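[1] sequence below, structure please.
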Amino acid sequence: MRYVALGDSQTEGVGDGDDVVGLRGWADRLAEHLAVDNPDLQYANLAVRGRRAGEVRSEQLGPALALRPDVATVVAGVNDLLRLRVETSAVVGHLEAMFAALTDSGARVATVTFPDLTRVIPLARPVRSRILAINDGIRAAASRHGVAVAEIARHPAVADRRFWSEDRLHCSPPGHELIAAAVAHALQVPGSDDSWTQSPPPLDASPSRHWRATAELRWAATFLRPWLGRRLRGQSSGDQRTAKHPLLHRVEAPRS
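    You can find the predicted model right below:
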């Protein structure tokens, strides 16, 4: 079996490891799930952080098709939604073009819906309508092409800070594992089930108002300000970066 992942920073694995120890991420974790019943699984990850849906299509679709995948995942669009201006129909159009090309090639394709970022980033409230629109578009396009959809948007954990890394835009290791389990379930991978849909255990205590205010200020200084600076300079976190696994390689045994 050959599995190829297309996408941006979430699929690359940002938030699950770092550039020193290496990034793991939900797609790597999904590959490990697939490898349980396919010990000779070959896996490639073409995702690069910062890429918008159109860039994923133009840069990754051709190489993905050349690898002749049996399974492919396509997750892109968040970087489009965070731009000042965006046409959600155009984003969905790029995603549907990738769905169509990959399914026409014989691949089993899966994607995800996006969580409401305003539940963890109140300042992102202006993009909420975009998220709802693109999720509706993803569901419709996926239905037209027989693409499996993991409904991450509807999971109660998306409002849980344990699901997210410190930057609140990328998942934490438990968040990446949840997405991997959700996509495995959507693909009906042997051994997968709907346990990923269960609500996470409650936090020990709600943070105080002072703690929340301090955390917001720290987040704004550490993550929001640099992100805005890159936008103003026309830069991307993915500048000068390439895919971490552009060629098929054998996946090691699952790790705990």
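[2] show me where pLDDT drops low in the stretch 151-256 of the chain?
    203-239, 253-256 (pLDDT under 70).
[3] let's go with 90 and repeat that
    The stretch 151-256 of the chain contains residues with pLDDT under 90 at 154-171, 197-241, 252-256.
[4] now the strands for it?
    Remark: strands assigned in the stretch 151-256 of the chain by DSSP state E, counting those that start in this stretch are 245-250.
[5] same question, the stretch 1-150 of the chain
    Applying DSSP E, counting those that start in this stretch to the stretch 1-150 of the chain gives strands spanning 2-7, 17-18, 22-23, 42-45, 71-75, 108-112, 148-150.
[6] which among those is found nearest to Arg241?
    strand 22-23 (11.2 Å; C-beta to C-beta). The way it works is simple: take the backbone N, C-alpha and C, and place the C-beta from them, glycine included.
[7] for the record, mean pLDDT for the closest one?
    Regarding strand 22-23, the rounded mean pLDDT is 90.
[8] give me the sheet partners of that strand and which way each runs.
    Note on strand 22-23: by DSSP bridges, its sheet partners are strand 17-18 (antiparallel).
[9] hmm, who's touching the partner strand?
    For strand 17-18, the external contacting residues (C-beta atoms under 8 Å, 6 or more residues apart in numbering) are 23-25, 173.
[10] of those, which is the most crowded?
    Gly25 (30 neighbours; other C-beta atoms under 10 Å).
[11] ok, Arg108 - contacts?
    70-72, 148, 187.
[12] where in the stretch 1-150 of the chain is pLDDT low?
    Scanning the stretch 1-150 of the chain for pLDDT under 90 picks out 18-22, 78-79, 81-86, 115-131.
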